[in-house]
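**Q** Below: sequence and its predicted model.
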Amino acid sequence: MSENNSKITIARLLSEYEDIFICPICSNPVEVVNLRSLICSNRHCFDLSKRGYINLLSHPLQTKYDKKLFESRKVISQSGFFSPLITRISENMLEELKPESKLIKLLDAGCGEGSHLADIQQRIIEQAQCDSLGVGVDISKEGINIASKGPSRTIWCVADLANCPFADKQFNFILNILSPSNYSEFHRMLADDGMVIKVIPGSNYLQELRAIFYKQTDKSEHSNENTVELFNRNFDLVAIQHVQYGVTMENKYIEHLVRMTPLSWGASEELIQQVLGNDKLEVTFDFTVLLGKKMNAHRTN
């Protein structure tokens, strides 16, 4: 699909679902004008980019997540290293769907370069007897720029999780995968019977890198107890699931692994080169999946 046709397709999708958006400046409803802009009643205007994503930041925000990081994360994702996690998330969603569901609206909050949302949405489309709308939002323009080259049934947005440009109670599922959260916004945007699926690193996540980069420091071990406790204070914690598996990573993927993780940010160049010099590397992927609903919602359904 040409860049122009892709933009038109996304513009029509925006028009179809313009009611899910609000202006991030004044919180008023918006409408799509001339298949190219979201404009609110106060005339705040946000244009659709040539790539087919919408930038809803009122001003640029700095982030350490750069183009190389997202390109490497996409390589790792497309090579199947996250597949067991994606399978578990998709299964949870499919189990939650009601027989009468006609459309599910799915928000990936902190979607990065979009691979996780694209893979999950594809599985839902293949296995569920209903339509789906995917919305991916990230503060990084670099990540969304890469994501926008993906599925045309997904709306990609540059936006701030602290000020999400979406109306109340819009989403059946909110995903938050290895990304910071804003629980007050999640609660506002989640449908009353919806579910938040948050994924955090388990204690053994990339432990091989952590052992090399941070040997004999307090960063050599990871605990997520505080994260679980905070989640539980904001949502009814329906379940905690663990997904752990090991992979043998060939050299051509090791550099992408190092590039994609913030674990490398505090490591010396010498230690980074030590990792990159391996022909193969045994790597542990370890995730904790938190399933949450609005307080008391799952008790009354």
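**A** Yes, it's here. Everything numeric in this text was worked out from a predicted model, so none of it was measured.

**Q** In terms of helix, strand or coil, where does Arg210 fall?
**A** Reducing the assignment at Arg210 to three states with DSSP: H, G, I helix; E, B strand; the rest coil gives helix.

**Q** Pull the number of nearby residues for it.
**A** 22 (other CB atoms under 10 Å). (C-beta placed from N, C-alpha, C; glycine too.)

**Q** so it touches Leu263, yeah?
**A** Yes - look at Arg210 against Leu263 with CB atoms under 8 Å: they come within range, at 6.2 Å.

**Q** Name the helix or strand of this protein that has the lowest mean pLDDT.
**A** helix 297-300 (a mean of 48; mean pLDDT, DSSP states H and E).

**Q** show me what contacts Ala11?
**A** The contact partners of Ala11, by CB atoms under 8 Å, 6 or more residues apart in numbering, come to 32, 35-36, 48.

**Q** Nearest to Gln244, out of those: which one, please.
**A** When the contacts of Ala11 are ranked by distance to Gln244 (CB to CB), Leu48 comes first, at 40.8 Å.

**Q** Can you list the residue ranges for strands in the protein?
**A** Applying DSSP state E to the chain gives strands spanning 30-33, 37-40, 45-47, 54-55, 103-109, 131-138, 154-158, 171-177, 190-201, 236-250, 280-293.

**Q** how about JSON lines for those, with mean pLDDT added?
**A** Shown next, in JSON lines, are the strands of the chain (pLDDT from 0 to 100):
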{"stretch": "strand 30-33", "mean pLDDT": "94"}
{"stretch": "strand 37-40", "mean pLDDT": "94"}
{"stretch": "strand 45-47", "mean pLDDT": "94"}
{"stretch": "strand 54-55", "mean pLDDT": "95"}
{"stretch": "strand 103-109", "mean pLDDT": "96"}
{"stretch": "strand 131-138", "mean pLDDT": "94"}
{"stretch": "strand 154-158", "mean pLDDT": "95"}
{"stretch": "strand 171-177", "mean pLDDT": "98"}
{"stretch": "strand 190-201", "mean pLDDT": "97"}
{"stretch": "strand 236-250", "mean pLDDT": "97"}
{"stretch": "strand 280-293", "mean pLDDT": "97"}
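
**Q** and stretch 249-267, how far apart are its ends?
**A** Using CA to CA, to the nearest Å, the end-to-end distance of stretch 249-267 comes to 20 Å.

**Q** Can you give me the buried ones in it?
**A** Using 16 or more other CB atoms under 10 Å as the test for burial, stretch 249-267 gives 249, 253-254, 256-261, 263-264, 267.

**Q** hang on, isn't Ser37 packed against Ser49?
**A** No - Ser37 is beyond contact range of Ser49, at 11.0 Å (criterion: CB under 8 Å).

**Q** on that earlier part again, which one, of the strands of the chain, ends up nearest to Glu96?
**A** strand 190-201 (5.6 Å).

**Q** now for the closest one, which elements pack on it?
**A** For strand 190-201, the packing partners by 3 or more CB pairs under 8 Å, 6 or more residues apart in numbering; DSSP states H and E come out as helix 83-96, strand 171-177, helix 225-234, strand 280-293.

**Q** which of these sits most buried?
**A** strand 171-177 (a mean of 24; mean count of other CB atoms under 10 Å).

**Q** Touching that strand from outside, list them.
**A** 89, 93, 96, 101, 104-111, 116-117, 120, 135, 186, 189-191, 193-199.

**Q** Buried ones only from these, please, as a PyMOL command.
**A** In PyMOL, this line selects whichever of these come out buried by 16+ other CB under 10 Å:
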select buried, resi 89+93+96+104+105+106+107+108+109+110+111+116+117+120+135+186+189+190+191+194+195+196+197+198+199
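
**Q** Provide a list of residues in contact with Trp265.
**A** Lys64 are the contacts of Trp265 under CB under 8 Å, 6+ apart.

**Q** mind running it again at 10 Å?
**A** Trp265 sits next to 64, 69, 213 when contact means CB atoms under 10 Å, 6 or more residues apart in numbering.
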